[in-house]
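1. show me how the following folds:
(4 chains)
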Amino acid sequence: MILHTVNKSPHTSNCLQSCLRTLSDQDALLLIEDGVYAADNHYANQTEALGEEITLYVLKADVDARGLQNRLSSRFQVIDDAAFVDLCVQYPKTQSWY
Amino acid sequence: MSVNASDLPVAVDAEGYLKDLDDWTEAVAELIAVQENIDLTEEHWQVIHLLREFYREFGISPAMRILVKQVRIKLGTDKGSSIFLMKLFPGSPAKIASKIAGLPKPTNCL
Amino acid sequence: MSTTAKNILAVMRTGPYGNQTAKEALDAVLTAAAFELPLSLLFMDDGVFQLLPQQDTQGIGAKDLSATLPVLPMYDVERFYVEQSSLESRGINSAELILPVEVLDSEQVKVLFAESASILSF
Amino acid sequence: MKLSILVYGSPNGSQAAATAYRFTKAALEKGHEIYRVFFYGDGVYAASALNTPPQDEQDLSSLWRELGEQHNLDMVVCIAAALKRGVLDPGEAKRFEKSAHNLSAGFTLSGLGQMMDASQQSDRMITFGY
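-> All right, here's what the predicted structure looks like:
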């Protein structure tokens, strides 16, 4: 059970690809900073293809800052900083892809 | 005989490590050793040369545990102990021997 | 610190010289090793480039990391893993690398992550 | 729960320093214990007291210092990473014969051993990469 964070845009970095290769069914993925561009519904085919067991999150402050509020794939749950902390507690380990 | 940093023919930092590692010679080593109140014997030189060889190969100053291990492998089990190294380089053998051997300060900052 | 130590997985994902990350990751790894913490290294993405032979850094004025990496077995660090698809997409054969590595496919990497108590992400 | 935070990004080079700050603040507000905040790589730039952003931009160095004071945080800056980037405390400035020092109040220079200690002593550790 690992919380994976990705902070780079999928358009400029392979972070998301590498993360997706090694994501287990029990894991969660949280997109932060420029990583949130991967939650855009024009891009999210790959993440939408993931099994339902894997929960997908996107950090609200980063989504709002980038004007993505109305462009998000419905597969992602939008969470605030407090919920980010909760995820970190819920999952015993984090792997940061940056 | 006492030697101060200002008596050394080469530049050292406030802790006595060489500023330019290329300045090292055996004569410089003798002077640094005097500052540490150590009279270099054949056994000291064996460790100093071993350290320099280690640095040439791996590019780092070894941690104490690794120094002990290397001495044991290269110089024999009777010398490969922290007690033996403590006797040669009292206090903090890995640090002091590295200083005399003209290696950089161990950066692991343990 | 080493009595009931948590085993650490260091994930090395950057090439050796484009920035300080690989160098500082290695410093962290050497520190963990000096403390005798149980430690494994996973090289993936551009991190596998750290393991290429024949690195000569004189021309760029950087320290040669490929000279230091082979010191790790002396520190009793012996578990070196590389991710298969990272090797394949870069056309690298694991036999030519400077450390004795075990090649893991994606499923095995998942297991490696799962079995580690603490992850250092570089 | 006991959390440790690793910060690798500089305040200006990436968003990591800001995200790490918000995360730490949120964790404290939720009542968690912050075992240590460890600044490594370019993350050490947050500890320079000389950072002077314009008044209408976020001043992360000051924010960390204030948060540290408020909650008595153990904010450790890797000494090797800091020295090579010109972040020095008075002791190191003297030792290396430098004319000035700039480590901000609230931060401590120490070794990578503190990072390993955090990995062993914390319930959770999270990295904010550059």
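
2. use CA for all of it now, contacts and neighbours both
-> Noted.

3. check residue C:4 and give its pLDDT.
-> Here, the pLDDT recorded for residue C:4 equals 79.

4. pLDDT below threshold where in chain D?
-> Along chain D, no part satisfies pLDDT under 70.

5. which residues in it form helices?
-> D:16-29, D:60-71, D:79-84, D:90-95, D:113-121 (DSSP state H).

6. relative to chain C, which of these is closest?
-> Of all the helices of chain D, it is helix D:113-121 that lies closest to chain C, at 6.1 Å by CA to the nearest CA.

7. so which elements touch the closest one?
-> Packed against helix D:113-121 by the contact rule (3 or more CA pairs under 8 Å, 6 or more residues apart in numbering or on different chains; DSSP states H and E) you find helix C:21-34, strand D:33-39.

8. buried set for it?
-> The neighbour-count check on helix D:113-121 (16 or more other CA atoms under 10 Å in any protein chain shown) flags D:113-116, D:118-121 as buried.

9. likewise for stretch C:6-19?
-> Within stretch C:6-19, judged by 16+ other CA under 10 Å, the buried ones are C:6-17.

10. for chain B, what's the longest helix?
-> Longest helix in chain B, counting by DSSP H: helix B:42-58.

11. so what touches it?
-> Contacts with helix B:42-58, where a contact means CA atoms under 8 Å, 6 or more residues apart in numbering or on different chains, come from B:60-62, B:67, B:71, B:74-75, B:88, B:97-98, B:100-103, C:67-71.

12. where does chain B dip in pLDDT?
-> B:1-6, B:107-110.

13. one step back: just the closest of the buried residues of helix D:113-121 to residue A:21, please.
-> Among the buried residues of helix D:113-121, residue D:119 lies closest to residue A:21 (CA to CA), at 25.4 Å.

14. circling back: closest to chain A out of the buried residues of helix D:113-121?
-> Of the buried residues of helix D:113-121, the one sitting nearest to chain A (CA to the nearest CA) turns out to be residue D:119, at 10.8 Å.

15. and the residue lying farthest from the centre of chain D, its phi and psi?
-> Distance from the C-alpha centroid of chain D peaks at residue D:97, with 24.2 Å (CA atoms, centre = their mean). Backbone geometry at residue D:97, expressed as degrees, to the nearest 10, gives phi 50, psi 50.

16. go on, residue B:70?
-> Residue torsions, per degrees, to the nearest 10, at residue B:70 are phi -60, psi -40.

17. over to residue D:122?
-> For residue D:122, the backbone dihedrals (degrees, to the nearest 10) come out as phi -90, psi 150.

18. and for residue A:26?
-> Torsion angles, degrees, to the nearest 10, at residue A:26: phi -90, psi 0.

19. what of residue C:80?
-> phi -110, psi 120.

20. so it sits against residue C:104, correct?
-> No: using CA atoms under 8 Å, residue C:80 makes no contact with residue C:104, being 10.2 Å away.

21. give the intersection of the neighbour lists for the two.
-> Common neighbours of residue C:80 and residue C:104 (CA under 8 Å, 6+ apart) do not exist.

22. past the longest helix seen in chain A, which element shows up next along the chain?
-> Ranked by residue count under DSSP H, the longest helix found in chain A is helix A:81-90. Per DSSP states H and E, the first helix or strand lying C-terminal to helix A:81-90 is strand A:93-97.

23. so in that sheet, which strands flank that next one, and in what orientation?
-> strand A:2-6 (parallel) (DSSP bridges).

24. which residues touch the partner strand?
-> A:15-16, A:19, A:23, A:26-32, A:35, A:87-88, A:91-98, C:114.

25. mind running it again at 7 Å?
-> Strand A:2-6 has contacts (CA atoms under 7 Å, 6 or more residues apart in numbering or on different chains) with A:15-16, A:27-32, A:35, A:88, A:91-98.

26. just stretch A:84-91 next, same as before
-> Residues from elsewhere that reach stretch A:84-91 (CA under 7 Å, 6+ apart): A:1-3, D:23, D:26-27.

27. mind putting the residues you listed into CSV with distance to residue B:47 and neighbour count?
-> Compiled in CSV, the contacts of stretch A:84-91 are given as follows (distance: CA to CA, whole Å; neighbours: other CA atoms under 10 Å in any protein chain shown):
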residue, distance to residue B:47, neighbour count
A:1, 48, 17
A:2, 46, 23
A:3, 48, 24
D:23, 49, 21
D:26, 53, 19
D:27, 50, 24
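
28. farthest pair in those?
-> Of all pairs in those, the most separated under CA to CA is A:1 and D:26 at 22.4 Å.

29. closest residue of chain A to chain C?
-> For chain A, CA to the nearest CA, closest residue to chain C: residue A:22, 5.3 Å.

30. how about that residue, what does it touch?
-> C:106, C:109-110.

31. one more pass at 6 Å, please.
-> Residues near residue A:22 by CA atoms under 6 Å, 6 or more residues apart in numbering or on different chains: C:106, C:110.

32. wait, does stretch C:67-82 make contact with chain A?
-> No: Stretch C:67-82 stays clear of chain A (CA under 6 Å from any CA of the partner chain), getting no nearer than 12.8 Å.

33. hey, C-alpha coordinates of that stretch in CSV?
-> The C-alpha atoms that make up stretch C:67-82 are tabulated as CSV, following Å, rounded to 0.1, in the frame of the first residue of the first chain:
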residue,chain,number,x,y,z
ALA,C,67,34.1,5.1,-9.6
THR,C,68,32.3,5.5,-6.3
LEU,C,69,29.3,3.2,-6.9
PRO,C,70,31.4,0.0,-6.8
VAL,C,71,32.4,0.8,-3.2
LEU,C,72,28.9,-0.1,-2.0
PRO,C,73,29.5,-3.8,-1.7
MET,C,74,32.3,-3.1,0.7
TYR,C,75,29.7,-1.3,2.8
ASP,C,76,27.7,-4.5,2.7
VAL,C,77,25.2,-3.0,0.2
GLU,C,78,24.7,-5.9,-2.2
ARG,C,79,21.1,-5.6,-3.5
PHE,C,80,21.2,-3.6,-6.8
TYR,C,81,18.1,-3.8,-8.9
VAL,C,82,17.4,-2.3,-12.3
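
34. near chain B at all, it?
-> Yes: using CA under 6 Å from any CA, stretch C:67-82 reaches chain B at C:67-68.

35. give me the contacts around that stretch.
-> With CA under 6 Å, 6+ apart, stretch C:67-82 has contacts from B:58-59, C:33, C:40-44, C:101-103.

36. mind redoing it with 8 Å?
-> With CA under 8 Å, 6+ apart, stretch C:67-82 has contacts from B:57-60, B:66, C:26, C:30, C:33-34, C:36, C:38-44, C:48, C:98-104.
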